[in-house]
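Enquirer: no FASTA, just this:
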Ligand SMILES: Cc1cc2nc3c(=O)[nH]c(=O)nc-3n(C[C@H](O)[C@H](O)[C@H](O)COP(=O)(O)OP(=O)(O)OC[C@H]3O[C@@H](n4cnc5c(N)ncnc54)[C@H](O)[C@@H]3O)c2cc1C
């Protein structure tokens, strides 16, 4: 964000944070503390919580279909939430919702928008001029193509190569943005550059921007779908840039619904799904039986994954 924008938003955020209203609805002190505040991600991105509905007790309340707050002892509530998570009883988790304001590079937004079970409203580049902000990775994030994973990166680029890449990214982003303004015939503050010339419509000029330009949206989803998003995007297979956002959302969820967050980490993030054959191999192994024939029916990739999880299982 440039300095003018920064000051403008800081004032708006301060103003929003200044309004305190009383309510009978459940609120979460730890989340109220950061409500509306900007949490920076990457070089120009951010996440901020704009609104939320419910807390851990909303999940318990829905599961018990209770009249009051539906909570019992904290340990009993945690046990119920763990049970729901473990057995994929998903609808109680749909009773809590969160609305986030996110600023992110366009190429990250393209991955993010694949999560269809959310409500999205994006900043309109047909209506407004995008800021002169591009994601330029940290030198340490520049890596070579992975050989083992076609979708991933591997070792860091050597210094000179990284310098060349950074120079290209910076100059291409800048040049395309300059030409964007030239086509619009507007400067960054929206003033006409050349009064004798018509500018191109914003909806067309934007096509010249690079994918590392930043966009923004409001993104509202329920806790069940948020957990699905996090399970996929916190994972090491997800791209570093979207993972940076997902990691920050996990911290927000920790504040908002600590009991659900703990169940999610235990039964989703840290858990592994085993196929029927692998379960049979494990059971046979515990009984002391020969598992060679059973194990040979597993595919090469699954065998490798399971060996990493349980070294020595197939030896
Ligand atoms: C590491 C990684 C690599 C990826 N690589 C690629 C890639 O190479 N190419 C690519 O195109 N995508 C890729 N994706 C995107 C991925 O395939 C999913 O589209 C994305 O993660 C959204 O997941 P989702 O459908 O579970 O989420 P959501 O869209 O939020 O859906 C949540 C759940 O709702 C249900 N649902 C939603 N809509 C429908 C529907 N229309 N019909 C039936 N059920 C529905 C499904 O059960 C779904 O799991 C990748 C994702 C990850 C995490």
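Expert: Thanks, I have it. Fair warning: this is a prediction, and the values are worked out from it, not measured in the lab.
Enquirer: List, one by one, the residues from the stretch 151-300 of the chain near the ligand.
Expert: Within reach of the ligand by CB under 6 Å from any ligand atom, the stretch 151-300 of the chain has these residues: 151, 225, 228, 232, 237, 238. Any C-beta I mention is one placed from the backbone N, CA and C, and that applies to glycine too.
Enquirer: Count the neighbours of the second one for me.
Expert: The number of residues packed around residue 225, counting by other CB atoms under 10 Å, is 18.
Enquirer: what about residue 113, distance to residue 182?
Expert: For residue 113, the distance to residue 182 equals 29 Å [CB to CB, to the nearest Å].
Enquirer: Could you tell me which residues within stretch 229-238 count as buried?
Expert: 229, 230, 233, 234, 238 (16 or more other CB atoms under 10 Å).
Enquirer: hang on, I meant stretch 20-36
Expert: Buried residues in stretch 20-36, counted by 16+ other CB under 10 Å: 28, 31, 34, 35, 36.
Enquirer: Now for those residues: which two are most distant?
Expert: Using CB to CB, these span at most 14.3 Å, a distance reached by 28 and 36.
Enquirer: quick one, which of residue 113 and residue 182 is more surrounded?
Expert: More crowded of residue 113 and residue 182, by other CB under 10 Å: residue 182, with 16 against 13.
Enquirer: show me what contacts the more buried one?
Expert: residue 193 (CB atoms under 8 Å, 6 or more residues apart in numbering).
Enquirer: Just give me the neighbour total for residue 174.
Expert: Neighbour count for residue 174, taken as other CB under 10 Å: 13.
Enquirer: do the same with the one 5 residues further on
Expert: Residue 179 has 13 neighbours, counted by other CB under 10 Å.
Enquirer: before we move on, the earlier item: closest to residue 87 out of the buried residues of stretch 20-36?
Expert: Nearest to residue 87 out of the buried residues of stretch 20-36 is residue 28 (CB to CB; 25.5 Å).
Enquirer: Who's the closest spatial neighbour of that closest one, skipping the chain neighbours?
Expert: Using CB to CB, 6 or more residues apart in numbering and skipping the chain neighbours, the partner closest in space to residue 28 is residue 55 (4.8 Å).
Enquirer: Sweet, I'm off.
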